[in-house]
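In: Please work out how this folds:
(one chain, ligands or ions: 1)
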Amino acid sequence: MNMLLQKNVSVDPLCQVCRMGAETVEHILCNCALAVQCWQIILPQVLINNCTSLVQWWEKVLEVCDNEKRAEVVTVCWSIWKVRNELVWNKKYTRINVVIARAKQYLLQWKLAQKQKSQSQYPYFVEGDGKELWVAPQTDYMKASSSQKEL
Ligand SMILES: [Zn+2]
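Out: Sure thing, here's the model as predicted:
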């Protein structure tokens, strides 16, 4: 946004969701009414009033959240951005519970896809069974390697 304004491109500098602040990444993801409502629900332990730095906010998230919650936070950020774009481009407003539900559903689908992907790459691997299985290489398959070292 700032780059467009510096180049004299005519853009509306106000947040397109709430029209209460400049549309910066900190505003959209932390300070906008939509974001604040999301974080009050899924991240009440990281309430930062008037966030001025996304990095500072993210450091606080890292400090208090485990990896599972961090993944949820990132996905909600994506969902907030998507809602903002739907409003700007399609004039469609999304309710707060839908923003969060969409993020959680997306994260669940992503995790399932990752699990399916890992299972399809290693067909004899059974996750969590504690065993490692050796599988004979294919008969028409030869493994070769080379070294870049000079002798
Ligand atoms: Zn806003």
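In: and the longest helix anywhere in the chain, average pLDDT?
Out: Counting residues, the longest helix in the chain under DSSP state H turns out to be helix 96-121. Across helix 96-121, the average pLDDT comes to 85.
In: So which bits of it are buried?
Out: Neighbour-count burial for helix 96-121 flags 96, 99-100, 102-103, 107 (criterion: 16 or more other Cβ atoms under 10 Å). C-beta coordinates here come from the backbone N, C-alpha and C atoms, glycine included.
In: next one: stretch 36-51
Out: The neighbour-count check on stretch 36-51 (16+ other Cβ under 10 Å) flags 36-39, 42-43, 46, 48, 51 as buried.
In: Neighbours of Ala84, how many?
Out: Small correction: residue 84 is Arg, not Ala. 20 (other Cβ atoms under 10 Å).
In: per-residue pLDDT, it?
Out: Note for Arg84: predicted pLDDT of 92.
In: How about the residues of this protein by the ion?
Out: Residues of the chain lying near the ion by Cβ under 5 Å from the ion: 15, 17-18, 32.
In: tell me which of the residues you listed is nearest to Asn85?
Out: Distance to Asn85 across the residues of the chain next to the ion (Cβ to Cβ) is lowest for Val17, with 10.3 Å.
In: can I assume that closest one is in contact with Asn85?
Out: No: contact criterion Cβ atoms under 8 Å: Val17 and Asn85 do not qualify, at 10.3 Å.
In: Which one's more surrounded, those two?
Out: Neighbour count, other Cβ under 10 Å: between Val17 and Asn85, Val17 has more, with 21 against 12.
In: Leu34 is in contact with Arg19, isn't it?
Out: No: contact criterion Cβ under 8 Å: Leu34 and Arg19 do not qualify, at 11.8 Å.
In: Those two: which is more packed in?
Out: Leu34 (22 against 9).
In: who's in contact with the more buried one?
Out: Leu34 makes contacts with 17-18, 80, 83-84, 96, 99, as judged by Cβ atoms under 8 Å, 6 or more residues apart in numbering.
In: how about those in JSON lines, adding secondary structure and distance to Gln6?
Out: Shown next, in JSON lines, are the contacts of Leu34 (DSSP: H, G, I helix; E, B strand; the rest coil; distance: Cβ to Cβ, whole Å):
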{"residue": "Val17", "secondary structure": "coil", "distance to Gln6": "23"}
{"residue": "Cys18", "secondary structure": "coil", "distance to Gln6": "24"}
{"residue": "Ile80", "secondary structure": "helix", "distance to Gln6": "25"}
{"residue": "Val83", "secondary structure": "helix", "distance to Gln6": "27"}
{"residue": "Arg84", "secondary structure": "helix", "distance to Gln6": "22"}
{"residue": "Ile96", "secondary structure": "helix", "distance to Gln6": "33"}
{"residue": "Val99", "secondary structure": "helix", "distance to Gln6": "31"}
